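Trainee: my questions concern the predicted model and sequence given below.
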Amino acid sequence: MRRLNNCLENKNYTNVPIWFMRQAGRYLPEFRDIRKNNPDFIKLCLNSNLVNEISLQPSKRFDLDATIVFSDILIIPYGLGQIVTFQKNFGPLLKNFDLDTLINTTAETFINRVQNVYKGLNLVKSNMNYKNQSLIGFAGSPWTLLIYMLHKQSPKKDFNINNFFKDETIIDNLLLKLEEFICLHIDKQIEAGANVIQIFDSWAGLLSKKDLLKYCYIPNLKVVEYVKKKKIPIICFPRGIKKEEYKKCCEIVKPSAISIDYNIDPVWIIKNLNNLPVQGGLDPKILLTDKKNVENEVNKYLNIFKDYPYVFNLGHGVLPNTNPSMIEFIINIIRNKK
C-alpha cells in the first residue's frame, strides 16, 4: 500500500511518508523555465499538459511518496466567474463580482471553466508511478476563499477583520456557495485520480476564538464529511490557529490527518491529538540554513513522532530561494533513519 495512504488510513508509522507543500514551484529551475514562457498564472494552471509536466517535476528529482497536482486555491473563485490575476511581487488580485450572478453559477458552467485542471490531474495519474505514490488533490477552505473573494487580495495587505464582517448576509450566502463548489471541485479531482485530498485553510489564524466554529470548523466539517463518504482520506491545514484550537479543530472537523505549522509545539500535539495522524511542522526557513542545522531539526521531528503516525512535510510551502539539494538531503535523512 502507498506509504501516505497507509499512514492516513491505517495510522501506520513504520515508514514515514514524505512530500512537501509547494514541492512543484519556484525553487526548481525547470519550473522557472516554464514560468518564464507562461506569465499568466491562471492560464498556466489551466494548461493540462503543463499541469502534468510541472506536477511530476519533483518526482523526477526526488524519492517522494506523493505527487500533488499543480494548481492554485483561487481556481475556485475563477470557476465561479470572478476575474483572478497574479501580479509580480504583489500576489493575487481579484476583481469585483456580481453576487447574484456568482450565486447562480451552475455546476456545468464551473466545470467548463476549470475542466483542464481535472484533465491535467488525469494526465498526472497516467504518467506517475501510481502504485507507489499517492496523488493529492486540494482546495482552499471556505473561509480562506471567502477572504480572497471579498478582500480581493492577500489579507497580508490592508486587512481589517472587524470591517470584514460588516455584511454578514453576503458572507453567509457566499460561504454556502463555496462549500458546495469546493465539494464539486474535490469530487472532480477524485474522479480524475486523486486518492488523497488536502484542505488549505491558509487564513484560519485571522479568526478570533469565538468565530472559529462558525467560519472555520463547521464549513470545513461539511467538506470533510463529503470527502469521507467518498472513502478518500483528507488532511486539513488550519494555518495560524493556536495549539489549543488544533485539538478543538480535530474534535469537531474530524479530518483523517491534521497538518501543523511551524509555530506549533509537536510534543504538545502528540499528547493531545489521540493518535490522529499529523503532518508537517518544520519551518521552511530552516532549509535556508546549513545542513547540520537542517539535520538536527529534521531528526527532532522524527524523534518526537517516533511510533506515531506522522507525515513528513513543512509547516508551510517550500520557499522560492530554497536549494533543491536541501530537499534531497532531507529525504536521505528520513530514508536512512534507523
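Mentor: Perfect, thanks for sending it.
Trainee: now the strands for the chain?
Mentor: 66-68, 84-87, 91-94, 134-140, 196-201, 234-238, 257-260, 278-280, 310-311 (DSSP state E).
Trainee: would you list these in CSV and tack on mean pLDDT and distance to residue 214?
Mentor: Every residue, glycine included, has its C-beta placed from N, CA and C. Converted to CSV, the strands of the chain look like this (pLDDT from 0 to 100; distance: least, C-beta to C-beta, whole Å):
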stretch, mean pLDDT, distance to residue 214
strand 66-68, 98, 29
strand 84-87, 93, 26
strand 91-94, 92, 23
strand 134-140, 98, 18
strand 196-201, 98, 14
strand 234-238, 98, 14
strand 257-260, 98, 20
strand 278-280, 98, 26
strand 310-311, 98, 29
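Trainee: can you pull the contacts of residue 249?
Mentor: 212, 216-217, 220, 236, 238, 241, 258 (C-beta atoms under 8 Å, 6 or more residues apart in numbering).
Trainee: quick check: the farthest pair among these?
Mentor: Farthest pair in the contacts of residue 249 (C-beta to C-beta) is 212 and 258. Separation: 14.3 Å.
Trainee: what's the longest helix in this structure?
Mentor: Counting residues, the longest helix found in the chain (DSSP state H) is helix 168-192.
Trainee: pLDDT (mean, whole number) over it?
Mentor: On average, the pLDDT along helix 168-192 is 96.
Trainee: now do that helix: which elements does it pack against?
Mentor: helix 75-79, helix 99-103, helix 107-127, strand 134-140, helix 142-151, strand 196-201, helix 218-229 (3 or more C-beta pairs under 8 Å, 6 or more residues apart in numbering; DSSP states H and E).
Trainee: buried residues in that helix?
Mentor: Residues of helix 168-192 classed as buried: 171, 174-175, 177-190, 192 (neighbour count, 16 or more other C-beta atoms under 10 Å).
Trainee: same thing with stretch 277-292?
Mentor: Those would be 277-284, 286-287, for stretch 277-292 by 16+ other C-beta under 10 Å.
Trainee: can you check stretch 120-127 too?
Mentor: For stretch 120-127, by 16+ other C-beta under 10 Å, it's 120-125.
Trainee: again with stretch 34-51
Mentor: By 16+ other C-beta under 10 Å, the buried positions in stretch 34-51 come out as 34-35, 41-42, 44-48, 50-51.
Trainee: before we move on, what about stretch 7-26?
Mentor: Applying 16+ other C-beta under 10 Å to stretch 7-26 flags 7-9, 12-13, 16-25 as buried.
Trainee: out of those, which is nearest to residue 248?
Mentor: Closest to residue 248, out of all of the buried residues of stretch 7-26 and judged by C-beta to C-beta, is residue 8, at 20.9 Å.
Trainee: take stretch 237-257, keep the C-alpha atoms, and write them as CSV.
Mentor: Provided in CSV are the C-alpha atoms of stretch 237-257 (Å, rounded to 0.1, in the frame of the first residue of the first chain):
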residue,chain,number,x,y,z
PHE,A,237,-4.3,22.6,7.4
PRO,A,238,-5.8,25.3,9.6
ARG,A,239,-2.7,27.5,9.5
GLY,A,240,-2.1,30.0,12.2
ILE,A,241,-4.5,28.9,14.9
LYS,A,242,-3.3,28.4,18.5
LYS,A,243,-2.3,25.0,19.6
GLU,A,244,-5.3,24.6,21.9
GLU,A,245,-7.5,25.2,18.9
TYR,A,246,-5.8,22.4,17.0
LYS,A,247,-7.3,20.0,19.5
LYS,A,248,-10.8,21.5,19.1
CYS,A,249,-10.5,21.6,15.3
CYS,A,250,-9.7,17.9,15.2
GLU,A,251,-12.5,17.0,17.6
ILE,A,252,-15.1,19.0,15.6
VAL,A,253,-13.9,18.6,12.0
LYS,A,254,-12.6,15.0,12.3
PRO,A,255,-10.1,15.1,9.4
SER,A,256,-8.1,12.0,8.5
ALA,A,257,-5.0,14.0,9.5
